[in-house]
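Engineer: predicted structure and sequence below. I'll ask about it afterward.
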Amino acid sequence: YNRVWIPDSEEVWQSAEITKDYKAGDHLLHVRLDDGTELDYPVDPVALPPLRNPDILVGENDLTALSYLHEPAVLHNLKVRFVESKLIYTYSGIILVAMNPYKQLPIYGDAIIHAYSGQNMGDMDPHIFAVAEEAYKQMARNSKNQSIIVSGESGAGKTVSARYTMRYFATVSKSSSNAHVEDKVLASNPITEAVGNAKTTRNDNSSRFGKYTEISFDQSYQIIGANMRTYLLEKSRVVFQSENERNYHIFYQLCASAVQPEFKHLQLGSAEEFNYTRMGGSTVIEGVDDGANMVETQKTFALLGLKEDFQMDVFKTLAAILHLGNVQIMAVGDERSSISPEDKHLNIFCELLDLNCDKMAQWLCHRKIITTSETVIKPMTKSQAVNARDALAKKIYSHLFDFIVERINQALHFTGKQHTFIGVLDIYGFETFDVNSFEQFCINYANEKLQQQFNLHVFKLEQEEYMKEDIPWTLIDFYDNQPVIDLIEAKMGILELLDEECLLPHGTDENWLQKLYNNFVNKNALFEKPRMSNTSFIIQHFADKVEYKCEGFLEKNRDTVYEVLIEILKKSKFHLCANFFQDNPVSVSPFSSAINIKSARPVLKSPNKQFRMTVGSKFRSSLYLLMETLNATTPHYVRCIKPNDEKLPFEFDSKRVAQQLRACGVLETIRISAQSYPSRWTYIEFFSRYSILMTQQELSLNDKKQICKIVLQRLIQDPNQFRFGRTKIFFRAGQVAYLEKLRSDKLRHACITIQKSVRGWLQRKKFLLIKRAAIIIQQYFRGQRTVRQAVTATALKQTWAAIVIQKHCRGYLVRKLCQLIRVAAVTIQAYTRGFLARKKYRKV
């Protein structure tokens, strides 16, 4: 085959045509690029450039149907479907790859839902509804729980994809009762998006938390309720936003509604007036009406049965957080700070949460250190006091978020018995930024666990497929990321060393990092120390190397709020605030990180183990329970891809897409498939496609399956290149392309024969036409000549005839004149003779 892919700095891969036969051992490949450029491309004889698939396979619905399975083939196929065909969904084996079109498409209406309902996964074009239908059908058929795992980086469309799957289940499994459970399940999305989503530089509606929604079904497979579990809310966003980013949507919705009578008592203003909402310099999202969205949020609260009193308590807490951010902390020298008791925003904060204003002003600027012998009150610097204020704001918002999720779960709670469930996991994908911190570390740790589960599931499905088709199973080598997971979570791993350092009164990020260097540098190949930095470490993840800055790891892992501030909040008469900080909190879900209070590090009084749990250890526990849940279900995978960073509709940035394909496991699926028999055709498909390669004798047989076997054994001499299953033929990589070449050669030969015959017929037809035209022309000219000759003879005859006629006419006229003269003469003679005779007679 004469077309290959060669690396390209701009497009990642570029197509080229081989212009000169390559001989084994050559170090140069003579190629011509698509733009006509001739190139001598240096090659390694051991690793030649990947071959390009035949045109017949380009644009396939399923990437695993490609004969040559590699990164450039996958990238090109996705580009053709997305840019040229405007198709955003493509299968990659069991994965649905979903490209974000950055444009509303008319492919999600109820008519489309009903069209996919009851259909098999491969019967119609790839679609998120096809995956949802497959999960629903398997649940109904096998009575087994299902999971749909939606992942991808920020802006790739995870939230929308998860929303559409839930909408599909709500539509196809709608019950006849008046409880409107389906509407309540769907109503949970706008609320969680309002309090958990925000505008980032990559996405205007980015989910800043992970979410697993468990939709419960009864024995009739109708929705009876749901339960939601959340993971790792980005609490730091409450107090800090990068440039061109926003805080959580709910704050801006509240500020946009500040002029409404029911919100007057919150004493709010525009978002530009509050530190926590104006920090990113972008308080408005183009095309988004925060005031209208607030009305929708209130409606969904009401639909879930959360009454206006509850809603107003939530809004009071949110307003209090905004006012807390505006509290002015003044420096008093280098070692002290203070807050004026007259501070307007402090008073509003305390009024909204019913707190003692003087105590709050004091303990935001002081901390209490309890030792075995005494209690010391130590003033804080301005920066320490600002950190304490921000930590309190983050803690209040975190508890509020978990409390709202808990109330949503209560609203979706059902009294009957759950028969089965389908879980929809909307979770962050692998992340790597210029500066990576604790959040990215946890996110990538979660993705390592999910990737391991995914690899094992793909491996298992491959094995089941082979056993079903009675094909001998050989062990396939696939990347096992257990060593990376062990590096993070095993005994004396990164997380355990982090927790150990957090327990030390004077633990620091630098000391922890030094422990990592001592334990892993030159001892673990997956851990590296950057050459030019002593404040970072590098981990080789399954997708890429990521450099993490150690700054802030301990503080974020501790997630501390000073005990005195907690005590002040506990004494609040505002029941919602008091409920957040009660001594014996009850969490609805083991995955919820809420309502467990950790005091500042100098205070270690509680014997309760939960009291000392760090964010990392809680996240590890919740991840373990999530893996248990997923392993007990049949998973379905949706990988969302962000095609470009400019949010332009149907624009394809090959570099960004390739980076995400490597990170989300699509290429790993391709690699596992390519190691065995990646191309699989049913006997009917093979017969209809390649019957042109069959002889008349082979076609005379009645058994199509036997015909396929005979033909394949004749066309492919090496029996290891294919296997015959019960219903399918399995091909090694490249064999379908070889058969396509034979088919195209046969068609080309047939085309030449047809062309020869058609051209001969056309030439004969042209010759006969010319001959006929020549004869007509000859006839014309001969006729003309004859006519000319006939005209000359006629002229002579006519002249002679004219002369003859003239002669006769003249003779006639002369004779007539003569006769007239004669008659006249005779008459005159007669009269004259008579006169003379009478005269003579009279004379006589």
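Structural biologist: Alright, I've got the coordinates.
Engineer: could you use CA atoms for every contact and neighbour count after this?
Structural biologist: OK.
Engineer: what lies in contact with stretch 517-525?
Structural biologist: 527, 528, 529 (CA atoms under 8 Å, 6 or more residues apart in numbering).
Engineer: I meant stretch 88-95, not that one.
Structural biologist: 61-64, 78, 81-82, 96-101, 126-128, 458, 636-639, 666, 669-670.
Engineer: among the residues you listed, name the buried ones.
Structural biologist: 61-64, 78, 81-82, 96-101, 126-128, 458, 636-639, 666, 669-670 (16 or more other CA atoms under 10 Å).
Engineer: can you pull out the low-pLDDT segments for the stretch 351-500 of the chain?
Structural biologist: Along the stretch 351-500 of the chain, the parts satisfying pLDDT under 70 run over 473-479.
Engineer: before we move on, which element is residue 331 in?
Structural biologist: strand 330-332 (DSSP states H and E).
Engineer: pLDDT of whichever helix or strand comes after that strand, averaged?
Structural biologist: Going down the chain from strand 330-332, the next helix or strand is strand 336-338, by DSSP H and E. Averaged over strand 336-338, pLDDT sits at 92.
Engineer: what strands line up against strand 336-338, and which way round?
Structural biologist: Applying DSSP bridges, strand 336-338 is found paired with strand 330-332 (antiparallel).
Engineer: residue 647 and residue 102 touch, don't they?
Structural biologist: Yes - the pair residue 647 / residue 102 is scored as a contact, 6.0 Å apart, by CA atoms under 8 Å.
Engineer: so residue 246, which state does it fall into?
Structural biologist: Following DSSP: H, G, I helix; E, B strand; the rest coil, residue 246 is assigned to coil.
Engineer: right, and it touches residue 199 too?
Structural biologist: Yes - using CA under 8 Å, residue 246 makes contact with residue 199 at a distance of 5.1 Å.
Engineer: more crowded one of those two?
Structural biologist: Neighbour count, other CA atoms under 10 Å: between residue 246 and residue 199, residue 246 has more, with 30 against 24.
Engineer: just the helices in the stretch 351-500 of the chain please.
Structural biologist: 357-363, 382-411, 438-468, 482-489, 494-503 (DSSP state H, counting those that start in this stretch).
Engineer: list the buried ones in the longest one?
Structural biologist: Of the residues in helix 438-468, those buried by neighbour count under the rule 16+ other CA under 10 Å are 438-455, 457-459, 462-463, 466.
Engineer: and if you look at the second one?
Structural biologist: Counting neighbours by 16+ other CA under 10 Å, one finds that the buried residues in helix 382-411 are 382-386, 388-411.
Engineer: and if you look at the fourth one?
Structural biologist: Within helix 482-489, the residues that count as buried by 16+ other CA under 10 Å are 484, 485, 487, 488, 489.
Engineer: show me the buried ones among the contacts of stretch 88-95 that map onto helices.
Structural biologist: Judged by DSSP state H, those include 78, 128, 458, 666, 669, 670 as members of helices.
Engineer: including distance to residue 837, could those residues go into TSV?
Structural biologist: Below are these laid out as TSV (distance: CA to CA, whole Å):
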residue	distance to residue 837
78	143
128	147
458	160
666	154
669	156
670	153
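Engineer: of these, the lowest pLDDT goes to which?
Structural biologist: residue 669 (69).
Engineer: would you map the helices across the stretch 201-350 of the chain?
Structural biologist: 249-256, 275-278, 290-303, 308-325, 344-353.
Engineer: between those helices, which gets nearest to residue 760?
Structural biologist: helix 290-303 (73.2 Å; CA to CA).
Engineer: which other helices and strands contact that closest one?
Structural biologist: helix 181-196, helix 249-256, helix 308-325 (3 or more CA pairs under 8 Å, 6 or more residues apart in numbering; DSSP states H and E).
Engineer: what are the buried residues along that helix?
Structural biologist: In helix 290-303, counting by 16+ other CA under 10 Å, buried: 290, 291, 293, 294, 297, 298, 299, 300, 301, 302, 303.
Engineer: do the same with stretch 491-503
Structural biologist: Result for stretch 491-503 [16+ other CA under 10 Å]: buried residues 493, 494, 495, 496, 497, 498, 499, 501, 502, 503.
Engineer: so can I have JSON lines of those residues showing distance to residue 44?
Structural biologist: As requested, the buried residues of stretch 491-503 are exported to JSON lines (distance: CA to CA, whole Å):
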{"residue": "493", "distance to residue 44": "40"}
{"residue": "494", "distance to residue 44": "40"}
{"residue": "495", "distance to residue 44": "42"}
{"residue": "496", "distance to residue 44": "45"}
{"residue": "497", "distance to residue 44": "44"}
{"residue": "498", "distance to residue 44": "45"}
{"residue": "499", "distance to residue 44": "48"}
{"residue": "501", "distance to residue 44": "49"}
{"residue": "502", "distance to residue 44": "51"}
{"residue": "503", "distance to residue 44": "54"}
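Engineer: now the longest helix along the chain, how far from the chain's geometric center?
Structural biologist: The residue-count maximum for a helix in the chain (DSSP H) belongs to helix 735-843. Relative to its parent chain, helix 735-843 has a centroid offset of 84 Å by CA atoms, centre = their mean, to the nearest Å.
Engineer: now swap in stretch 162-172 and tell me
Structural biologist: Using CA atoms, centre = their mean, the offset of stretch 162-172 from its chain centre is 17 Å.
Engineer: pLDDT of it, averaged?
Structural biologist: Stretch 162-172 comes out at a mean pLDDT of 91.
Engineer: how many residues are close by residue 844?
Structural biologist: 7.
Engineer: swap that for residue 208, sorry
Structural biologist: With other CA under 10 Å as criterion, residue 208 counts 23.
Engineer: that one and residue 234 touch, don't they?
Structural biologist: Yes - taking contacts as CA under 8 Å, residue 208 lies within contact range of residue 234: 5.5 Å.
Engineer: count of neighbours near residue 824?
Structural biologist: 12.
Engineer: rewinding a little: now the two most distant members of the buried residues of helix 290-303.
Structural biologist: The farthest-apart pair in the buried residues of helix 290-303, when distances are taken by CA to CA, is 290 and 303, at 19.7 Å.
Engineer: residue contacts, residue 376?
Structural biologist: Neighbours of residue 376 in contact, by CA under 8 Å, 6+ apart: 368, 369, 370.
Engineer: so where's this protein shaky on pLDDT?
Structural biologist: 1, 175-179, 473-479, 578, 581-612, 669, 672-676, 678, 733.
Engineer: where do the domain boundaries of the chain fall?
Structural biologist: 1-52, 442-583, 680-790, 794-843 (the TED database).
Engineer: just to revisit the earlier point, wait, which of the helices and strands packed on helix 290-303 is closest to residue 643?
Structural biologist: helix 181-196 (23.0 Å).
Engineer: which secondary structure elements does the next helix or strand after the closest one contact?
Structural biologist: Helices and strands here follow DSSP H and E; after helix 181-196, the next one along the chain is strand 197-198. Helices and strands touching strand 197-198, by 3+ CA pairs under 8 Å, 6+ apart, are strand 206-207.
Engineer: need the contact partners of the strand it packs on.
Structural biologist: 154, 155, 159, 193, 196, 197, 198, 199, 200.
Engineer: what pairs with that strand, parallel or antiparallel?
Structural biologist: strand 197-198 (antiparallel).
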